[in-house]
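A.B. asks: Curious how this folds, go ahead:
(2 chains)
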Amino acid sequence: MSTPNLVIPAPREITTEPRRSDKVFRGVVTAGGLSSLLILGLIAVFLGYRGFEVLRQEGFGFITNSDWSITTDDAGNVTQSQFGLAAMLVGTILCAVVAVVIAVPISIFSALFLNFYSPNWLKKFLIAIIDMMAAFPSILFGIWGFLVLMPSVEYWAKLIHRYLGFIPIFDMQVPVFTRSPFVAGVVLAIMIIPIITSVSREVFAQAPLDRIQAAYALGATRWAMIKAVVIPYGRSGVIGGAMLGLGRAMGETVAVFTVLNIVFQVNWHVLLGAGGNVASLIILKFGDASPYEIKALMAAGLVLFLLTLLVNASANFIVKRTGKSGR
Amino acid sequence: MTTITPTPQKPWRASKRERSFDFAILIGGFLASYLLVALTPMKGKLAYFALFFISYALLTAVLKGLTRGSAAAKDALVSSLVVVGAVVTVIPIGSILLTVLQKGLPGISFGLFTHDMALATPTDPLANGGLLHAITGTLTLVALALIMSVPIGILTALYLTEIKGRFTGPIRFLVQAMSGVPSIVAGLFILSAVLYPITKAYSGFMGALALTILMIPTIARTSEEVLNLIPNDLREAGTALGGTQWRTVAMIVLPAAKSGLVTAIILGVARIAGETAPILLLTGGGDKVNPNAFNGPMGSLPYYIWKSFNAGSPEAITRAWAGLLVLLGIVLILFTSARFLGTRKISR
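C.D. replies: Just a heads-up that it's a prediction; the model follows:
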């Protein structure tokens, strides 16, 4: 008997080299992933390219002057122009800071309520409607703020002026309360409360349960527990959330344009009805802008873009640090 | 011999005495707010509301402080503050919904959905004209933005969850930064990069391009969260069966995450449906139904609301509120369906 010829298969080559289909897949997905880099880069490049002429002309004055004027002769040639963003930048920061100062305490309290005080059914319901509010269109906040909210806010502004008028930023010479940065700030605060609330709520919910139980076991009241465990744990997360809200408040266009009286003059008095906002400036001047003025608006857009990028980057940095510390 | 069965005690429950104290404080708070409003120049519903909260908080804090010490007093004070925070958060939502319903409903009629504003001026009575052009325009813009942003958004999420390559950290940061780009900047970018050098005319497509930029980060971030929820076992099972990564992702991961991805897309649509600033810069906002997104100005709901509101006549303002009601209705329907799909995904 002869044994049948054994066919010994040649050892297959083992490789970690991905197949061609996988190479294509990885290439496509990586390209898609890098598109965000591409888009952000293109935004900076194109706005910079269009605004370059104006930026070179105005130099550093573009962010320190506060005039915005352009004169053209009959043929449409620019005879004299002066572009400065100082008033708008101050106004943007003022409105956004008012918004954050109002929104942060309210958001922290409501996030604490949702996590540690509310019964479960109410919690689910409130989370649903607060998330829903974050999806409301901004033009809705603008019109509602103008027609419904402004009368009450003006009244509060008068109260603040009467009783806290000795503080410089609440002081003013001419009592004009309508359409002030304060009103815009309140509208923006209402817009960013849902954002800060949901960020804070998520951070607070991650506070370690064993430490919470330990605090209770040592006889802490609910507030003592929150002060000892939850707040140290969630502090930088809340700051990050507030920065995100700040970024949103700085870039808001339509809602601010609807309620704010735009004046090209640096104004630090929160309650006075004269303010500015870079984004609203763009909408205000775009309609009848000459090509040269459009370039100035592009440069203004670039400044706004860089400003929000900076705020968002620091928010990201702060939130990231939460993940590492305190755990 | 009688057995004594001790009655079960519930020491954590509020005793009768404590409950009567709570009730007394509630009454006291009402009385104090009423008296303060009557005796001082403060007026209005808001004054009642604020004073009631303040006096209630102070009264509970004082009582707790007297009976159980300062720690309990602080605790009581914070409990009231926390409730105030939640109430203040919810009031604007209620007020907005109520105002839109109240002012928008008179402007809603059947004709609104069958006519456009081509033959009507802002001062015409409400029976003339409608917002058909705005609704079709918004739908066209959203559809175009969807076609462009969904592939990019989901590919970005896939890169972050499936490939996890060298750029994961930077891309996650860039997507975050992109979600903070002001909408007006996106509009200016399309204006400078596409409209001026290439097409030189307003059209719906330009608006859709700007909306795409705003929509990508929302879709990418929500999809990333959804894809992270898919258990790794599924991916390993796919690889163990000899599937390449491409087959595993396409046949296993994406189908498993389907409802979550739909949620992500719906949230993206809800984010951009009411976006106004780039629309004002780019679409030109016509008054006629324009089925061609690549040619000619295109109306949309935000533009219609903006234009009517700025026209200022009473009819135009009513039109603006009706438009807001329709827009809010669309956003709420989208949002509710996203939530519905989202909760179903978790329960499975």
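
A.B. asks: Would you map the strands across the chain?
C.D. replies: Assuming you mean chain A. A:68-72, A:78-83 (DSSP state E).

A.B. asks: just so I know, which of these lies nearest A:Tyr117?
C.D. replies: Each of these was scored for nearness to A:Tyr117 using C-beta to C-beta, and the closest is strand A:68-72 (49.3 Å). For the C-beta atoms, the positions are set from N, CA and C on the backbone; glycine is no exception.

A.B. asks: Can you pull out the residues in contact with that closest one?
C.D. replies: Counting by C-beta atoms under 8 Å, 6 or more residues apart in numbering or on different chains, the neighbours of strand A:68-72 from elsewhere in the structure are A:78-84, A:264, A:281, A:285, A:290, A:292-293, A:296.

A.B. asks: next one: stretch B:295-302
C.D. replies: Counting by C-beta under 8 Å, 6+ apart, residues outside stretch B:295-302 touching it are A:137, A:139, A:254, B:116-117, B:131, B:133-135, B:137-138, B:140-141, B:201-204, B:207, B:273-276, B:279-280, B:283-288, B:290, B:323, B:326-327, B:330.

A.B. asks: Please pick the buried ones from the contacts of strand A:68-72.
C.D. replies: Buried positions within the contacts of strand A:68-72, assessed by neighbour count (16 or more other C-beta atoms under 10 Å in any protein chain shown), are A:81, A:83-84, A:264, A:281, A:285, A:292-293, A:296.

A.B. asks: Determine which two of these are furthest apart.
C.D. replies: By the measure C-beta to C-beta, A:Phe264 and A:Tyr292 form the most distant pair in the buried ones among the contacts of strand A:68-72, at 17.7 Å.

A.B. asks: From chain A, how far out is B:Gly274?
C.D. replies: Between B:Gly274 and chain A the distance, using C-beta to the nearest C-beta, to the nearest Å, works out to 2 Å.

A.B. asks: need the buried ones among the contacts of strand A:68-72 in JSON lines with distance to chain B and pLDDT, can you?
C.D. replies: Shown next, in JSON lines, are the buried ones among the contacts of strand A:68-72 (distance: C-beta to the nearest C-beta, whole Å; pLDDT from 0 to 100):
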{"residue": "A:Ser81", "distance to chain B": "19", "pLDDT": "78"}
{"residue": "A:Phe83", "distance to chain B": "15", "pLDDT": "85"}
{"residue": "A:Gly84", "distance to chain B": "19", "pLDDT": "84"}
{"residue": "A:Phe264", "distance to chain B": "18", "pLDDT": "85"}
{"residue": "A:Leu281", "distance to chain B": "10", "pLDDT": "88"}
{"residue": "A:Lys285", "distance to chain B": "12", "pLDDT": "86"}
{"residue": "A:Tyr292", "distance to chain B": "13", "pLDDT": "84"}
{"residue": "A:Glu293", "distance to chain B": "13", "pLDDT": "85"}
{"residue": "A:Ala296", "distance to chain B": "12", "pLDDT": "88"}
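
A.B. asks: Which of those residues fall within helices?
C.D. replies: Using DSSP state H, the subset of these located in helices is A:281, A:285, A:292-293, A:296.

A.B. asks: From those, pick the one nearest A:Ala31.
C.D. replies: Checking those one by one against A:Ala31 (C-beta to C-beta), the nearest turns out to be A:Ala296, at 35.3 Å.

A.B. asks: The closest one touches A:Phe83, doesn't it?
C.D. replies: Yes - here A:Ala296 reaches A:Phe83: they are 4.3 Å apart, a contact under C-beta atoms under 8 Å.

A.B. asks: between these two, what contacts are shared?
C.D. replies: With C-beta under 8 Å, 6+ apart, A:Ala296 and A:Phe83 have common neighbours A:54, A:68, A:70.

A.B. asks: Quick check on those: which are buried?
C.D. replies: Of all the shared contacts of A:Ala296 and A:Phe83 considered here, the ones buried according to neighbour count by 16+ other C-beta under 10 Å are A:54, A:68, A:70.

A.B. asks: So B:Glu275 belongs to a strand, correct?
C.D. replies: No - secondary structure assignment (DSSP: H, G, I helix; E, B strand; the rest coil) places B:Glu275 in coil, not in a strand.
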